[in-house]
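1. Have a look at this fold, sequence not included:
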């Protein structure tokens, strides 16, 4: 409960700060976006996650158009794949269950590629520090074991399409890819002791849809 209150307080603080200090970096209007997010894990050698769902609130200003800077705060819930076999390279491990919650806090740079009358195409890249909470366990040596995960750092790149709905309201559609700069250090415990295992990866393709407000 305390962690949920902390996350809610952090999200509220982010929104209040963005709306209170609009225009602090430039004379142009500030832009606040709210988007839902779907993650499709890249797979490869790490196949723990089946999918991820969440949302993101972001704020940006065009400090020297077409260049912009911004902040973002997200939340995602990652679903495990019970048939995962290769994620942590633990012999005879099976039956992975549970979810992982992530709270990425990011700093982003933007470049407006196309600035048309009623639509824009924007290139975005950024770095996020990700708070991670694991509720994943698996079957190994006759019993179930919890996996503990530390925090992570991600880099992402994306293209965003904005379409005017009203003077100060836009539809936003975004597609991109994120990869690990620092994977989440992971461990589990058994009767012998505590064991380091392969790091957890949040590498994934993502799609977002939502709205953007000018103020």
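-> Yep, it's here. As the structure is a prediction and not an experimental result, all values here were calculated from the model.
2. only C-alpha atoms for contact and neighbour calcs from this point on.
-> Fine.
3. can you give me the strands in the chain?
-> 31-41, 49-64, 67-80, 94-97, 99-115, 119-134, 136-140, 143-149, 152-166, 169-182, 184-189, 194-200, 204-214 (DSSP state E).
4. Go through the second one and flag the buried ones.
-> When burial is assessed from 16 or more other Cα atoms under 10 Å, strand 49-64 yields the following buried residues: 49-63.
5. lowest-pLDDT helix or strand in this structure?
-> The weakest-scoring helix or strand in the chain, judged by mean pLDDT, DSSP states H and E, is helix 2-20 (a mean of 58).
6. how many other residues sit next to residue 67?
-> 15 (other Cα atoms under 10 Å).
7. Excluding residues flanking it in the chain, which one is nearest it?
-> residue 111 (4.8 Å; Cα to Cα, 6 or more residues apart in numbering).
8. Now do that neighbour against residue 96, distance only.
-> Separation of residue 111 from residue 96 (Cα to Cα, to the nearest Å) stands at 41 Å.
9. which of those two has more neighbours?
-> Neighbours per residue (other Cα under 10 Å) separate residue 111 from residue 96, with residue 96 holding more: 23 against 18.
10. Quick check, the more buried one in contact with residue 137.
-> Yes - using Cα atoms under 8 Å, residue 96 is in contact with residue 137, at 5.8 Å.
11. residue ranges with poor pLDDT in this protein?
-> 1-27, 43-44, 191, 193 (pLDDT under 70).
12. Run through the bridge partners of the most centrally placed residue in it.
-> Most central in the chain under Cα atoms, centre = their mean is residue 104, positioned 5.1 Å from the mean C-alpha point. Beta-bridge partners recorded for residue 104 (DSSP bridges): residue 130.
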